[in-house]
Structure formats: C-alpha cells, structure tokens
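**Q** Mind folding the following:
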Amino acid sequence: KKILGKSKDFQYKKDVTKYKLWLEQGMQCIYTGKIISILNLFNENQTDFEHTIPRSISFDNSMANLTVCDAYYNRHIKRNQIPTQLPNYYKDFTDANGNIYTAIKPRLKAWEQKVEQLKNNVDFWKQKSKQAQTKEVKDQTIRQRHLWSMELDYWRNKLERFVMEEVTSGFKNSQ
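**A** Now for the predicted structure:
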C-alpha cells in the first residue's frame, strides 16, 4: 500500500507540474505552436513532459528545464537536441510527412517581455524599500522585492534554456 501511495503522490505531483507548465506556455506546445487541449495534456500518446535541455546532457530536473510538448515532435524531431538546434527554431519547417512546424523564436517574445516586466517590478520594489519611512514598510517592500526576484530568476533560467546555443560544462555543473 505504501508503494502505491508513493506512486499516486508522484503521479499527482507530475500532473500538477504538467498543468502549471501548460498554463505557463499559453496552453500550447512551445516547439510547434500547436494548441494542447486539456484532454491531450494528460494523454501520453499526444503530449510529452520533457526536458528542454535533455537530461542526458544537463542532469537538470528543475521546473525551468521542463516543458510540455507535442509527443510526435519530441520523439521524432527534438529527440536529444537543445532548442536552438531544432530545424524550426528560426524559421518554419515542414518535415518529410508534410507536418508544418512554425518557428520557435517568435514564441519566446512573450517570455522576453515577461522577464523585462519582472526586472521592472524588482527595480520598483528596490526603489520603494529605499524610500520606506518605517521598519515595517521597509521589511514589507524587501519581501516583495525578494518574491519578484525569485520569479525573475525562474523566468530568466527558463528563457536561457531556449536561447543557449551550446550547453557548457559550467552550465551543467551549476545545475
């Protein structure tokens, strides 16, 4: 029973993570641009839960390195590559079966904008803490700055995995 409980807990956590990533990605495959329906999200024949920088290369199992994507694309095109190595990173790509995959890079624009907005939020709260009149207000603004900084770090890391051209040993070791 304990083994079953752990298995159910693991599956639940995996499903919650999958759902969070799906929302983060605007309910679409970041690699193909195709919409992933909620029904297909949990269908392992349709949607994969995968590592942006392949686990065999980086050993990175963090949320920043996970995506949900079209299973066919992941298994037949992406395989063990990083995003910038993919044939549709910069421009649309049609595979041998006639499947059309739109360019990945334009989809990253929203993430780049999010990183900029988060930088602005961190700067805002940093400035606000300098202007605080009381210890209570200063402490609250510092907490806000830290919360925004954690969010910024996450999105910077997520975006970095989609724009890096090679996985350096320093990147591997820092994970």
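**Q** ok, which stretches of the protein are helices?
**A** Secondary structure of the chain (DSSP state H): helices at 2-24, 38-41, 55-58, 71-73, 109-131, 135-163, 169-174.
**Q** Of the ones you listed, which stretch is the most buried?
**A** Comparing these by mean neighbour count (mean count of other C-beta atoms under 10 Å), helix 71-73 comes out on top with a mean of 19. (C-beta placed from N, C-alpha, C; glycine too.)
**Q** I'd like the helices of the chain as a markdown table, with distance to residue 96 appended.
**A** Shown next, in a markdown table, are those (distance: least, C-beta to C-beta, whole Å):
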| stretch | distance to residue 96 |
| --- | --- |
| helix 2-24 | 28 |
| helix 38-41 | 23 |
| helix 55-58 | 25 |
| helix 71-73 | 12 |
| helix 109-131 | 29 |
| helix 135-163 | 25 |
| helix 169-174 | 32 |
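**Q** Columns mean pLDDT and distance to residue 64 on top of these, output as CSV?
**A** Listed next are the helices of the chain as CSV, based on pLDDT from 0 to 100; distance: least, C-beta to C-beta, whole Å:
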stretch, mean pLDDT, distance to residue 64
helix 2-24, 84, 10
helix 38-41, 96, 20
helix 55-58, 89, 11
helix 71-73, 98, 20
helix 109-131, 97, 11
helix 135-163, 97, 4
helix 169-174, 63, 12
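**Q** closest one to residue 31 among those?
**A** helix 71-73 (5.3 Å; C-beta to C-beta).
**Q** tell me what the closest one is packed against?
**A** The contact analysis (3 or more C-beta pairs under 8 Å, 6 or more residues apart in numbering; DSSP states H and E) places helix 71-73 against no helix or strand.
**Q** And for residue 101, the neighbour number?
**A** By the criterion of other C-beta atoms under 10 Å, residue 101 has 21 neighbours.
**Q** For it, give me its contacts.
**A** If you count contacts by C-beta atoms under 8 Å, 6 or more residues apart in numbering, residue 101 has them with 31-33, 73, 77, 87-88, 92-95.
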